[in-house]
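Visitor: have a look; sequence and predicted model below, questions after that.
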Amino acid sequence: MFPERLDAPQAFDIAKAMLDGFNRHYQLFRSESARAKHRFETADWHGQQRAQRERIEFYDLRVKEAVQRLEKEFKAGQQSMEVWHQVKLHYIGLLVDHHQPELAETFFNTVTTKILHRTYFHNDFIFVRPAVSTEYIENSEPAATPTYRSYYPTRETLRDELVRIVHNFRLARPFEDLERDAGFVLEAIAARLSHVKLRANFQIQVLSSLFFRNKGAYVVGKIINGFSELPFALPILHGREGKLVIDTALFGEDELLMLFSFARAYFMVDMEIPAAYVQFLRSLMPRKPRGELYTALGLAKQGKTLFYRDFLYHLRHSSDKFRIAPGIKGMVMLVFDLPSFPYVFKVIKDFFPPQKDTTREQVQGKYLLVKQHDRVGRMADTLEYSLVAFARERFEDELLEEIRRFAPSQLEIGDRDGDGHEEVVIRHLYIERRMIPLNIYLQEAFDAGASEQVEHAVVEYGNAIKDLVAANIFPGDMLWKNFGVTRNGKVVFYDYDEIEYLTDCNFRKVPQARTEEEELSGEIWYKVGPRDVFPETFEPFLLGNPAVRDVFLRHHADLLDPAFWESHKARILAGHVHDVFPYAREQRFARRQQVANAEAVA
Ligand SMILES: Nc1ncnc2c1ncn2[C@@H]1O[C@H](COP(=O)(O)OP(=O)(O)OP(=O)(O)O)[C@@H](O)[C@H]1O
């Protein structure tokens, strides 16, 4: 029943305390993100990575504080449901002019669901649906920065305008030669605009804050001409002697999707109105779900909320059934999917075979490590959920049998809500993007006689491992089935239970046998420490197929040599932070210039 009067005084106080909790959270989140600029200017790469990692924890800390305050000051758990109903209505009122209402609603949900019983998790008490619109929010304070700026160049002034665009970010570090770099960008744009008539609305729109991640800062915007819009991003890096350079120009939806991939760390962006950033980004990448854009901006809880709303909506508008995921079954994870939905669901099994010497807690620890680590475009991000309810009739019997057998502690079937419909409740699961498992991809390529596809997959596989190595990750289990192929052909790792920091491992040569018995023994006769790795021994597991072996040895034979691994380990231990380019190296202006110079000399 809708209350005609908001007459419970404690309801307003609770709503206000909740919003104070959120405001404190966003203020801390925002200032940490804003400090990324200074860390970039001062080349504080370790600091940047630490901040990226630590910022992920902010949300849970603030939620904990808010719950404690509500319990202590208002005995929140003992309030009647009439009061809680009014709390939500007051909160909506407080959000009318708020600049992050959608995030504040999500914060309300997280706090409230920690206090109320789950039977009250519906729209009267929490924000199952958003209540306050995020459209057209503007910051009307006089000194406020707009979400994006518009520039109106002509063909003649384009280069100067490009310089001005970059200049306006006021980076406190000189460029090597900004005019020169603007010239490169101009060339790249000219290739797309030279035969096009410039229309009255020709303009460049640029988001007002830079996007920082690892050692890069990115200008993000779009070029508008007539009815066409061309998304672009300009990566700014530290070049020779620490002077800044524009490293390349990325254009179009696909190149931006690589930059904003689910397999990379989250950006640091100073935003007053995140919904406006998401709306702008969505115009650049219309196929990327809004939830993933929030996540890429570091607002992972909002990403999770939106993903779940999209998921429930999809379930209501589909009729297919959850099934065991195609591919080789995991020993640690039980994986299932819904054919019509591009994600997989992973449950940790209750017991593992002897070769998997691990525990549920350790597996969860590895997944958390990946979440906090720089995923360098090579490790899929996961969303973690507890107590997820599905309709029983949407599960294939075979899948339920599998869960009952391998993860009984995670399964509950019953009519929790008493609505006459049976539900399957999974206690804990991870959700991640579905890819084509690399073993299946390769098999399809063999079957079709597509040698180019085989070559591409094997080269990409080695590149993926090398990127992980550079990021201080030893994947542990490198079998083909533990990697997947994304929509744009990138190979990404997804099996985290044996992951280790590279710097914690010892890469050794297989010792020379001392006796004939040792040599002929099928057993491992030498002593092996828990973190000892013998790269030469990868060969028989990975390279049984001659076609694969041939490509692998041509491109990635170094992966079988302990010296390769040890040299990377030494570099990381010496404090080196690797460069990660979310684009092909050939696209770099410096690289193109080197090639051009070499050709000129020849
Ligand atoms: N993101 C994904 N997209 C598509 N299929 C996937 C995905 N993640 C896992 N799978 C499928 O599920 C299987 C098991 O997943 P995963 O490798 O994570 O489990 P595991 O128990 O850790 O494996 P292992 O036994 O190698 O340790 C994979 O081999 C693959 O077939």
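Guide: Structure received. Please read these numbers as outputs of a predicted model, since none were measured by experiment.
Visitor: could you list the contact residues of the chain toward the ligand?
Guide: Contacts of the chain with the ligand, taken as Cβ under 6 Å from any ligand atom, map to 325, 327-328, 330-333, 335, 344, 380, 432-435, 437, 477, 481-482, 484, 494-495, 497. C-beta: built from backbone N, CA, C; applies to glycine.
Visitor: centroid residue for the protein?
Guide: What sits nearest the mean C-alpha location of the chain, by Cα atoms, centre = their mean, is Phe262, with 3.5 Å.
Visitor: which neighbouring elements make contact with the longest helix anywhere in the chain?
Guide: Using DSSP state H to define each element, the chain has its longest helix at helix 45-74. With contacts taken as 3 or more Cβ pairs under 8 Å, 6 or more residues apart in numbering; DSSP states H and E, helix 45-74 sits against helix 9-34, helix 36-41, helix 101-115, strand 211-213, helix 300-316, helix 360-372.
Visitor: any idea which of those is most buried?
Guide: Among those, strand 211-213 has the highest mean neighbour count (mean count of other Cβ atoms under 10 Å), at a mean of 25.
Visitor: now that strand: mean pLDDT?
Guide: Mean pLDDT, computed over strand 211-213, is 97.
Visitor: and if you look at stretch 271-280?
Guide: For stretch 271-280, the per-residue pLDDT values average out at 98.
Visitor: residues contacting it, please?
Guide: For stretch 271-280, contacts defined as Cβ atoms under 8 Å, 6 or more residues apart in numbering pick out 30, 33, 99-103, 134-135, 137-139, 144-145, 147-148, 205, 207, 209, 269, 290, 293-294, 297, 299, 302.
Visitor: now do the buried residues in that stretch.
Guide: Within stretch 271-280, the residues that count as buried by 16 or more other Cβ atoms under 10 Å are 271-280.
Visitor: turn the residues you listed into a markdown table, including secondary structure and distance to Ala11.
Guide: Shown next, in a markdown table, are those (DSSP: H, G, I helix; E, B strand; the rest coil; distance: Cβ to Cβ, whole Å):
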| residue | secondary structure | distance to Ala11 |
| --- | --- | --- |
| Met271 | coil | 31 |
| Glu272 | coil | 29 |
| Ile273 | coil | 28 |
| Pro274 | helix | 28 |
| Ala275 | helix | 27 |
| Ala276 | helix | 31 |
| Tyr277 | helix | 33 |
| Val278 | helix | 31 |
| Gln279 | helix | 32 |
| Phe280 | helix | 36 |
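Visitor: for these, which one is nearest Gln86?
Guide: When the buried residues of stretch 271-280 are ranked by distance to Gln86 (Cβ to Cβ), Ala275 comes first, at 26.3 Å.
Visitor: count the residues that sit near Phe260.
Guide: Neighbour count for Phe260, taken as other Cβ atoms under 10 Å: 22.
Visitor: can you check the one 4 residues further on too?
Guide: Residue crowding around Arg264 was assessed by other Cβ under 10 Å; the count is 21.
Visitor: for the nearest residue to it once chain neighbours are set aside, give its distance to the ligand.
Guide: Of all residues not flanking Arg264 in the chain, Gly377 sits nearest, at 5.2 Å (Cβ to Cβ, 6 or more residues apart in numbering). Plainly put, Gly377 is 15 Å away from the ligand if you go by Cβ to the nearest ligand atom, to the nearest Å.
Visitor: how's this protein carved up into domains?
Guide: The chain breaks down by automatic domain parsing into domains covering 9-120, 148-299, 318-434, 438-587.
Visitor: and the shortest one, average pLDDT?
Guide: Per-residue pLDDT over domain 9-120 has a mean of 96.
Visitor: could you do stretch 298-314 as well?
Guide: 96.
Visitor: contacts for that stretch, please.
Guide: Stretch 298-314 is touched from outside by 29, 33, 55-56, 59, 102-103, 106-107, 109-110, 129, 266-269, 274, 289-296, 340-341, 343, 383, 385, 431, with contacts defined as Cβ under 8 Å, 6+ apart.
Visitor: tell me how far it lies from the chain's centre.
Guide: Centroid separation for stretch 298-314 versus its chain: 13 Å, with Cα atoms, centre = their mean, to the nearest Å.
Visitor: and if you look at stretch 307-323?
Guide: On Cα atoms, centre = their mean, the centre of stretch 307-323 falls 22 Å from the chain's centre.
Visitor: repeat for stretch 581-590
Guide: Distance of stretch 581-590 from the chain centroid (Cα atoms, centre = their mean) equals 21 Å.
Visitor: next, the buried residues of that stretch.
Guide: Buried residues in stretch 581-590, counting neighbours by 16+ other Cβ under 10 Å, are found at 581-583, 587-589.
Visitor: ok so, going back, for Leu171, find the nearest of the helices and strands packed on helix 45-74.
Guide: Among those, helix 36-41 comes nearest to Leu171, with 6.2 Å by Cβ to Cβ.
Visitor: show me what that closest one packs onto, helices and strands only.
Guide: By 3+ Cβ pairs under 8 Å, 6+ apart, helix 36-41 packs against helix 45-74, strand 211-213.
Visitor: who's in contact with the closest residue to the ligand within the stretch 101-250 of the chain?
Guide: Here the residue of the stretch 101-250 of the chain nearest the ligand is Arg213; by Cβ to the nearest ligand atom that distance is 22.6 Å. Applying Cβ under 8 Å, 6+ apart to Arg213 gives the contacts 48, 52, 264-268.
Visitor: what about those residues, which are in helices?
Guide: Counted as lying in helices by DSSP H, out of the contacts of Arg213, are 48, 52.
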